[in-house]
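Peer 1: using only what follows, build the 3D model:
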Amino acid sequence: MEIPEIFIGMEIHTLSLEGHILDNHTVVFLQAMVSTNRGTVGGFFLAGRSMVWWPIGASLFASNIGSGHFVGLAGNGAAGGIATGGFEWNVCANYFHPSEFLIYVVTMPEYLKKRFGGDRIRMYLSVLSLFMYIFTKISADMFSGAIFIREALGLNIYVAVVILLAITALYTVTGGLAAVIYTDTLQTIIMVVGSFILMGFSFNEIGGYNALEEKYMNAITTKTTDPLFNISEKCYTPRADSFHLFRDPINGDLPWPALIFGLSVLAIWYWCTDQVIVQRCLSAKNMSHVKAGCILCGYLKLLPMYLMVFPGMVSRVLYTDVIGCVVPSVCKQYCDTEVGCSNIAYPRLVVKLMPQGLRGLMLSVMLASLMSSLTSIFNSASTLFTMDLYTKIRPHAKERELMLAGRVFILVLIGISIAWIPIVQTAQSGQLFDYIQSITSYLGPPIAAIFLLGIFIKRVNEQGAFWGLIIGLLIGLSRMITEFVYGTGNCVKPSNCPWIICGIHYLYFALILFGATCIIVLGVSLITKPIDDVHLYRLCWSLRNRKEERIDLDAGNSSNNDNDSEAEDDEGNSLMIYFFE
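Peer 2: Numbering: from 1, shown residues only. This next block holds a predicted model:
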């Protein structure tokens, strides 16, 4: 078989480096296998609630920063400048409200069941979360991984992705959450070190940050005419506000009010209620380790602006005709899509700029980020399915059966992911990161509203929460489906979608949807029967310090009542709900 050109002269360096990385992965993997109790639900899904702060912080970062961030943030930086880095820095303006709600749960939908009673909210949220994993997390990581593999290796995308998925599933199926967290820790180190090296080479190549400011504004492609389209100058000229983090509230591509307030809604959903993130904190030994892990993650989140956004901008400077292409036929030749090639900014930088001996390191960075993200998704999705859905089908299932069901569901997710590859390839929007955030903006705000109101306002009841979720989902789906039908378009070929539906920036839409959901929840709750306090002890902020025994809303007998001491004796810890904005 012919060796791809990029590997000529570097086979020994790359193979040696990758061999060391494989050895390290194996050691960490085996250590997680033998040192954690994987024979129980708590051991498999929550790592026995014994994790300390530093692997938690590293795992939070690795779970969040997948290959979609490398490709998406760099692509957005290449196309529009530094404003996209604000998505990462929002998390750094954080504060914590640690509340030790002494209840034992494994998933966030399970908390909603205890808070509101009934099963329809828990089932709704579990199913919606699984769909969001497919549409945003799995699809984005698969797409970005495929872009990098195609650009860097020249291998068949389907074969490479199947191999990656198989290795990823092996980690998750055999090792449980402990294996995921330990491998995330090592992969975080690989990602940070490799990205720092590439950033250094990038700035050295163009002469530093001051040179970037000058050269980026002049990075205009030479191919700007097309007989089929009338291409405006603004389509290929860098934005005048490219180096402004806060942009015009009306005409900016990322308006500053939307960046601050709209993004905060998404941050509540992702960092406070998403199963992938919360599950890492539920695995901690105690609240101190939760807070320390989150603080570590917050510091790490300072890095993407420098490690991803700036290198993406450098890539446009160095490879202007490719990264800044605007003519559809030309873009099609460069990256197999007509809407633009900014998504290949980071992979192109790796392939063209890195010395031969270091390309293997950067390949490992991308593979590590892809694997860490997918392992997190697979493990958390299997937890949701097993604890929230399968237990309804088999309410008396034994622990061994629950573990088997979770592992089988991971294999089902792999099958769905492989089947989704052709769809991911054809769904190439101009900006991958915008695609991820827009889908989140249409589906996430109602969930954020329910959790926030459920914790802080005890008057909110099941009827209000349910109808808020349903109507909020319908509003979000109306925007999402309309965009899919009309297409989002781009500067060269604008979309025909009505402005009243698609013209509102997706972060503004998230803020509006969040407000509408809150109004619906509060309105319906106020005209229906409230929940008695005895059912809400330690489930709401105002009742967090009550010591009386809490009676579950669905308690049919004493066995369903909440007994905090027994819950703690069973697992050695209690659920700690935290807020991380």
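Peer 1: not including adjacent chain positions, what is the nearest residue to Ile439?
Peer 2: Setting aside the residues directly before and after it, Ile439 is nearest to Thr136 in space (Cβ to Cβ, 6 or more residues apart in numbering), at 5.0 Å. The way it works is simple: take the backbone N, C-alpha and C, and place the C-beta from them, glycine included.
Peer 1: let's verify the one you found: helix, strand, or coil?
Peer 2: Classification of Thr136 by DSSP: H, G, I helix; E, B strand; the rest coil places it in helix.
Peer 1: and it, how far is that from Ile268?
Peer 2: Thr136 sits at a distance of 16 Å from Ile268 (criterion: Cβ to Cβ, to the nearest Å).
Peer 1: if we can go back for a sec, run a quick neighbour tally on the residue nearest to Ile439.
Peer 2: Thr136 is surrounded by 20 other residues when neighbours are defined as other Cβ atoms under 10 Å.
Peer 1: which residues are in contact with it?
Peer 2: Taking Cβ atoms under 8 Å, 6 or more residues apart in numbering, we find Thr136 in contact with Ile436, Ile439, Thr440.
Peer 1: quick check, the first one in a helix?
Peer 2: Meaning Ile436. Yes: with three-state DSSP as the criterion, Ile436 is located in a helix.
Peer 1: for it, what are its contacts?
Peer 2: Contacts here follow Cβ under 8 Å, 6+ apart; on that basis Ile436 touches Gly68, Gly72, Thr136, Ala140.
Peer 1: can you pick the most crowded of those residues?
Peer 2: For those, counting by other Cβ under 10 Å, the largest number of neighbours falls to Gly72: 28 neighbours.
Peer 1: that one and Cys331, how far apart?
Peer 2: Shown here: Gly72 relative to Cys331, a distance of 17 Å by Cβ to Cβ.
Peer 1: now Ser382
Peer 2: Counting by Cβ to Cβ - Ser382 and Cys331 are separated by 39 Å.
Peer 1: among the two, which residue is more densely surrounded?
Peer 2: Neighbours around Ser382 and Cys331, counted as other Cβ under 10 Å, are more numerous at Ser382. The numbers are 27 against 23.
Peer 1: doesn't Leu411 make contact with the more buried one?
Peer 2: No: using Cβ atoms under 8 Å, Ser382 is not in contact with Leu411; the gap is 9.6 Å.
Peer 1: check contacts around the most centrally placed residue in the chain.
Peer 2: Most central in the chain under Cα atoms, centre = their mean is Asn64, positioned 4.9 Å from the mean C-alpha point. With contacts defined as Cβ under 8 Å, 6+ apart, Asn64 is in contact with Tyr270, Ile277, Cys297, Lys301.
Peer 1: in those, which residue is surrounded by the most others?
Peer 2: Using other Cβ under 10 Å as the neighbour definition, these reach their maximum at Cys297, which records 28 neighbours.
Peer 1: which one is that one nearest to, not counting chain neighbours?
Peer 2: Using Cβ to Cβ, 6+ apart, the closest residue to Cys297 is Leu60 (4.0 Å).
Peer 1: same thing with Asp388?
Peer 2: Asp388's closest residue in space is Ser126 (Cβ to Cβ, 6+ apart), at 3.9 Å.
Peer 1: what's that neighbour in contact with, if anything?
Peer 2: When the contact criterion is Cβ under 8 Å, 6+ apart, the partners of Ser126 are Thr107, Pro109, Leu384, Phe385, Asp388, Leu389.
Peer 1: now do Asp388
Peer 2: With contact set as Cβ under 8 Å, 6+ apart, Asp388 has these partners: Thr107, Pro109, Glu110, Arg122, Met123, Leu125, Ser126.
Peer 1: picking up where we left off before, between the contacts of Ile436, which is closest to Gly252?
Peer 2: When the contacts of Ile436 are compared for distance to Gly252 (Cβ to Cβ), Gly72 comes out closest, at 18.9 Å.
Peer 1: and the contacts of Ile436 as CSV, adding pLDDT and secondary structure?
Peer 2: Listed next are the contacts of Ile436 as CSV, based on pLDDT from 0 to 100; DSSP: H, G, I helix; E, B strand; the rest coil:
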residue, pLDDT, secondary structure
Gly68, 82, helix
Gly72, 89, helix
Thr136, 80, helix
Ala140, 78, helix
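Peer 1: using a markdown table, lay out these together with distance to Ala465.
Peer 2: Below are those laid out as a markdown table (distance: Cβ to Cβ, whole Å):
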| residue | distance to Ala465 |
| --- | --- |
| Gly68 | 31 |
| Gly72 | 32 |
| Thr136 | 23 |
| Ala140 | 29 |
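Peer 1: so who does the nearest residue to Asn76 once chain neighbours are set aside touch?
Peer 2: In space, not counting the residues next to it along the chain, Asn76 is nearest to Thr84; the distance is 3.8 Å by Cβ to Cβ, 6+ apart. When contacts are counted by Cβ under 8 Å, 6+ apart, Thr84 touches Leu73, Asn76, Gly77, Leu254, Val309, Phe433.
Peer 1: and what of Ser438?
Peer 2: Ser438 is in contact with Met480, Glu483, Tyr506, counting by Cβ under 8 Å, 6+ apart.
Peer 1: change it to 6 Å
Peer 2: Tyr506 (Cβ atoms under 6 Å, 6 or more residues apart in numbering).
Peer 1: where along the stretch 251-400 of the chain do the helices fall?
Peer 2: With helices called from DSSP state H, counting those that start in this stretch, the stretch 251-400 of the chain shows them at 256-257, 263-267, 275-282, 287-300, 304, 310-318, 320-323, 328-335, 345-353, 356-384, 391-393, 399-426.
Peer 1: could you dump those helices to a markdown table with distance to Ile190 and mean pLDDT?
Peer 2: Rendered in a markdown table, the data for the helices of the stretch 251-400 of the chain read as follows (distance: least, Cβ to Cβ, whole Å; pLDDT from 0 to 100):
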| stretch | distance to Ile190 | mean pLDDT |
| --- | --- | --- |
| helix 256-257 | 34 | 94 |
| helix 263-267 | 26 | 91 |
| helix 275-282 | 19 | 74 |
| helix 287-300 | 13 | 84 |
| helix 304 | 15 | 92 |
| helix 310-318 | 17 | 96 |
| helix 320-323 | 25 | 94 |
| helix 328-335 | 26 | 86 |
| helix 345-353 | 14 | 90 |
| helix 356-384 | 5 | 73 |
| helix 391-393 | 37 | 84 |
| helix 399-426 | 23 | 77 |
